[in-house]
Every structure is written in structure tokens, then in C-alpha cells.
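**Student:** Kindly return the folded structure for what I paste below:
(2 chains)
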Amino acid sequence: MRIGDAKQSYEADEAIWTSSTQKFWFAVFLLVLAVFPFVADAYLLYIGCLVGIAVISTTGLNILTGFTGLISLGQAGFMGVGGYTVAWFSLHTALPFPLTLLLAGLLTAAVGILVGLPSLRVKGLYLAIATLAASVFLHFIFAEWQAVTGGMGGLSLPPAHLFGLTFQSDFEMYFIIVPLAVVMVLAAKNVFRTRTGRAFIAIRDRDISAEILGINLLRYKLMSFALSSFYAGVAGGLFAYFYRVVTPESFPLSLSIFYLAAVIVGGMGNLLGGILGAAFMTLIPEMLNLLTATLTPFYPNAPVFMSPMLGIIFGALIVGFLIFEPNGLGEIWQRVRRFFRLWPFRN
Amino acid sequence: MILECDLTTTQAVGSDVGAASGKTEHNKNILEIHNLSLSFGGVTALRDVSFRVPEQGITTVIGPNGAGKTSMFNCISGFYQPQQGSIHYQGKPLTGVKPPARAALGLARTFQNIALFRGMTVLDNIKLGAHVHMKSGLLASLAYFGPARREEMAVRREVERHIIDFLEIDHIRRQPVASLPYGLQKRVELARALAMRPKVLMLDEPVAGMNREEKEDMARFILDIREEWDVTILMVEHDMAMVMDISDHIAVLNFGQVIAEGLPADVQNNAEVIEAYLGTRDMDSLRHKLNPESEVA
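**Tutor:** Next comes the predicted model:
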């Protein structure tokens, strides 16, 4: 519980965590993240890494779709660009992973700017179709540009390395993925307490008046595309290091829809919601698998029965969320916080 | 502070309209509109419109609904491209200057149907107004600590001290704009326009739909802005009592054409204006309508 929060400076007032309670719980959260790999089993560790990658990519898409209001179905394609960039540099150069990931992000950002060019003219569903076309086009390049991408067979790459250390197992990869996810989410949070973030939101809410208020629409829309694609590129690069192989089928169209669903389920324009959405979308299929495994001793037919059910349950959960919680998981989190604000004296 | 404001307001409102505008008539014009024509397909919105906005005063554009007042504003903001004519701002033509660049030059405005950003708090909406005067790029924003934070804090300080305090909206600064009543939303929009550090402040129906108390507050703010900020006000408004009380200069539009321009007193007695408003030359009933004293009561 906390009582009052008198601030003495604007700096303190505009901090991400404005109370010592919030700082305490964030420290606890970081501690849990740090201890997790030492106590978790192999399966949980694998899931942890997947959630970390999903969080980065979802945050990227949230910047573009949730905050700037530009619907994109190109996320999988962008992740593919990042994945192939990392694979190519790992195979042809001896660059350490921070540099390959940076290059992956930058190259993907450049591709994102190109894809974003029509966004000044087309909006909404039309932009979704334009990005879908870009995604299909990128997929075609991955499959056909044999010399660089290895065609349908894809590329196998050596493990990530830095200063002679190699990062091979899930345990080692965790220490790349999760800190990077934390830093990138915090960086995104920073954007939304400065003029850049305000410009993105203004474009989403009322693009015409935003322009009359002095925001250059093309510049900021492309900036949003670039930033979002940078996140997607880094996530794709981590994906490549994690699985150590990239093929055109690593980045199917359904992956774009997966991330769009994560943004919507988590809460559009809510960074914390995006994190929850990414975790939710990654964990639910795994939980359903777990459910099948627990049911099997009692109903030997459970796997046969459950496997077609997985998709249905998954879909029903998403539809349920849209109906009962249109503002997403982020909104639920806000409600929980409000409940505990003056707890136990009032709730 | 509040008491002081009230005093200046009363003085300005109470003073002779002709005398108040007398001094501004000598000033040079900050905006000059020359022979502006605008049409959408076959519909003519503005036809050969010319008028001027003297520096430092309050200029009001009046006219019946559909006369082209908001189209005029949209031409000045750069949202519409007129087919003919030109707009000169501080002596230079604005032709070809994009809307964001016009905002940077000091042309700020509010909108007839409030155009606040509903996903942001009051404070963020106002800070957005300062966008053109800030420099932080994407990388500085990502890092936050350092130049971006310094700039944000400077803007926050300015907004808090000169705008939020001035417009008496400190109690709502944390609230999302969507939850505010109409009158306050209008005030937040004015705050956002002030954060643009305008040289010309364009107000599109600042008191439309307000009750009397809210109207009086808004009139007081507009007069205070003229007194305390180095700014010219260009306003579109239907509330004749307020227009006649606070304007220094009035232009009357009807069917896309300027039919009269000048001091409030002159415009009030112009036969063409009277006909545009009432469709009649019955001067007595019209004087009654245009006369502030009888209207306010």
C-alpha cells in the first residue's frame, strides 16, 4: 500500500516508476528473471526464451499498430529479414552477436521504411493489404534468392559468440534474449514519454489535425515503421540464433497474425499489455498441450480428441477476450493495480 | 492573479469598442488574404475573398452557416489548397508551404469540432502543441536520459507555468481528455494551441455550445491572451454579443464572399450584413439582434 506521492521535481513526476512501491516490485521482477534460468527445467527455459523473443517482436508491432494506428501484416516478413541477416553475417563474417543483431535491426528498419512508403496514402485495411503484399514478396525472396538465402533449404548458422564465449544452449541464449527484451521494452517506454511518441499517438488519433499542429506525417509514419521493423529484425535475429536455422517456413504468414493477435489480446497502445499478450499467446498453446498430457492417463484418446480442439480453444479464447475485455490484458492489470492501491484499507 | 485578469477583462469589455480598435487600425497586417477562391467540384466555397488581419488585435470572421468561414481557416492552415489567390503571412506568401511548416511559422489553431487526441492525457495533449519547437530525434527519445529529458522538462516547465496555470486547468492535467466535459475540452484545445507559441492564434468557434458562464470564461481568456501574449487572434464565431464586445476588426462572409469589413460598429450598421443575417432590410429588428446589450440579457 502507498499513501500520497508528492513530487518535488518534474523529473520525478515523469519517471517510469513514480513510487518506491513500483520500484520495489520492478526490482523483484528483475530478480525473478535473473534467478529463473537457474531453477527452471529445460522445458520452462525453452518457453522463457520463446516468450522473450515474442515480447520484443510484439513490442515492435505495438509501436506501429497499437500506438501509430498503422495495421501491419508484415511482421513475419520483417522478422525473416532479421533472421536471414544474422544467418548470413554469422556464416560469412566473424562478427559477434551484438553487431549481427544490430545489423539485422538496421537492415530490417530500412526494409520497413520501404514497405511503409505507401502508408502516407493508404490507411487501415488497405495498408494491411499493402504490408501483406510486402510479406509475400519477402517470402518469395527468402525462397528464391538461392545465393544468399539458401533457397527452400534455408541456412544453418553457428551459435552466437562474443569475446570467445559461445551461446549455444537455451540456458546461454536466455542471457542474451531476456536482458535484450527488458532493455528494448524500456527504450520503447522512453519513446512514449517524449515528443516522438506523442507524435505517433497523435497520428493514430487524428492524423489531419496532427499535421496542422506541426507533425510531418510521412516522417513520423516512416519513423514508426523503421522503429517497429528494427524490433522485428532483432527478434528475427534472436530467433535465428535460438533455432540455429532459418528457412522460408520459419516465418510464415500465420506468424504475422500471431503477433497481431498478441497486440490485440494484450491491448493496443499499451506496452505492458503487449508483454502480457506475447506471453499469453506463447503460453496458451503450451498449456493446452500440458492439459492433453494430464488428460491422457484418464482418457487414452485425449491426444486424438484434443489435437483438433487446440485450434478451436485457442481461437475461442481470443474471441472471448475481444468481447469481454476489448482493451486487453493490460486493462485487467490496471484494474488489479487499482484494487491494491489503498489495500487493505479500501478496495 | 485571477483578480487581476478579471479587472483587465472588465475594462476591455466595458471600454468603447471604437476606441479599443482605433489603435490597432494603424498597425501593419500580419495576415493578408488576396482574392482567394476555393471550390470543390462544382461547389464554390470561397469566391474572390480578400481581407486583412491587423497585427496584435482580435479579428473576427462572421457570417451565416455555410458562408465559408471554416474553409477560410483550412486554407490558412494549409489543409485546403485554394485554386486562386494568395495568403500573405508577415508579408510573405504562404503558397506551397506545407501545414507542419505553417505551424512552425507561428500559425496555431483550434478546431470547430474539438480535435483533441483522445488516447492522451491533458498534459500530453498540451505538450504535443510544443512539438515544432522541440528537436529530440528518435535515438534521443529511445535513450531518454540526456538531451531528450532536458528538453521534455523545459517544455513541461513552460507548459505548467505559462499555460496550465493561466487557463486554470491544473486539476485535470492527469486526466484523459475523453473524460472531460465539453467546456474544458475547448479550454484544453486552446492550451494546446498556446503551447505552439503562436504569432497568429486561430480560434474556430471558441464558445459554440457553451453555457453563459463558460462563454464568459472563454472571453476572459481570449482577452487575457491578447494582453499577455504577443499574439494576434483570428476568430470565427457566431455569438454576436461576444464578437461585438471583444473584436477589434470584423470581416463578414456570405456565400463565400466578403460582404463587409471593418470596425464592429461599422459592420453592425452595414445594410448588406443585415440582409445576409436576416434576409431583410428591416433595420430595427436587426440592430436589436446585433446589439450586444439586448442580446446578452
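**Student:** elements contacting the helix or strand where residue B:277 lies?
**Tutor:** Secondary structure from DSSP states H and E places residue B:277 in helix B:271-278. Contact here means 3 or more Cβ pairs under 8 Å, 6 or more residues apart in numbering or on different chains; DSSP states H and E; on that basis helix B:271-278 packs against strand B:249-254, strand B:257-262, helix B:283-290. No exception for glycine: its C-beta is placed from N, CA and C like everyone else's.
**Student:** Any idea how far it is from the middle of the chain?
**Tutor:** 24 Å (Cα atoms, centre = their mean, to the nearest Å).
**Student:** Return the set of buried residues in that helix.
**Tutor:** B:273-274, B:276-277 (16 or more other Cβ atoms under 10 Å in any protein chain shown).
**Student:** Get me the contact residues on the stretch 151-300 of chain A for chain B.
**Tutor:** Contacts of the stretch 151-300 of chain A with chain B, taken as Cβ under 8 Å from any Cβ of the partner chain, map to A:187-188, A:190-191, A:193-199, A:201-202, A:204-206, A:208-217, A:223, A:226-227, A:269.
**Student:** And the strands in the stretch 151-300 of chain A?
**Tutor:** Taking DSSP state E, counting those that start in this stretch as the criterion, the stretch 151-300 of chain A carries its strands at A:155-156, A:160-162, A:165-167, A:245-246.
**Student:** As JSON lines, those strands with mean neighbour count would be great.
**Tutor:** Shown next, in JSON lines, are these (neighbours: other Cβ atoms under 10 Å in any protein chain shown):
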{"stretch": "strand A:155-156", "mean neighbour count": "18"}
{"stretch": "strand A:160-162", "mean neighbour count": "18"}
{"stretch": "strand A:165-167", "mean neighbour count": "15"}
{"stretch": "strand A:245-246", "mean neighbour count": "22"}
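**Student:** What does the pLDDT read for residue 274?
**Tutor:** Using chain A. The per-residue pLDDT reported for residue A:274 equals 92.
**Student:** Oops, wrong one, chain B.
**Tutor:** For residue B:274, the pLDDT comes out at 79.
**Student:** got it, and residue B:285?
**Tutor:** Listed pLDDT for residue B:285 reads 63.
**Student:** Residue A:28 too?
**Tutor:** So residue A:28 comes in at 94 (pLDDT).
**Student:** Next: the one 5 residues further on.
**Tutor:** Per-residue confidence at residue A:33 stands at 92 (pLDDT).
**Student:** Mind checking which of the residues of the stretch 151-300 of chain A next to chain B are buried?
**Tutor:** A:187-188, A:190-191, A:193-199, A:201-202, A:204-206, A:209-217, A:223, A:226-227, A:269.
**Student:** so which residue of the stretch 201-347 of chain A comes closest to chain B?
**Tutor:** residue A:214 (3.3 Å; Cβ to the nearest Cβ).
**Student:** got a list of what that residue touches?
**Tutor:** B:99-100, B:103-104, B:131-132, B:196 (Cβ atoms under 8 Å, 6 or more residues apart in numbering or on different chains).
**Student:** of the residues you listed, list those near chain A.
**Tutor:** Within the contacts of residue A:214, those near chain A by Cβ under 8 Å from any Cβ are B:99-100, B:103-104, B:131-132, B:196.
**Student:** residues from the stretch 151-297 of chain B in reach of chain A?
**Tutor:** Listed as neighbours of chain A in the stretch 151-297 of chain B under the rule Cβ under 8 Å from any Cβ: B:151-153, B:156-157, B:160, B:192, B:196.
**Student:** Just the buried residues of those.
**Tutor:** B:151-152, B:156, B:160, B:192, B:196.
**Student:** Tell me which of those fall in helices.
**Tutor:** B:151-152, B:156, B:192 (DSSP state H).
**Student:** Rebuild the residues you listed as CSV, extending it with pLDDT and distance to residue A:77.
**Tutor:** Converted to CSV, these look like this (pLDDT from 0 to 100; distance: Cβ to Cβ, whole Å):
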residue, pLDDT, distance to residue A:77
B:151, 90, 35
B:152, 90, 35
B:156, 92, 40
B:192, 94, 38
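**Student:** Pull out the buried residues from whichever helix or strand residue A:339 is part of.
**Tutor:** According to DSSP H and E, residue A:339 maps onto helix A:329-341. Buried residues in helix A:329-341, defined by neighbour count with 16+ other Cβ under 10 Å: A:329-330, A:333.
**Student:** Can you pull out the residues in contact with it?
**Tutor:** Taking Cβ under 8 Å, 6+ apart as the rule, helix A:329-341 contacts A:1-2, A:265-267, A:270, A:272-274, A:276-277, A:280, A:321, A:325, A:347.
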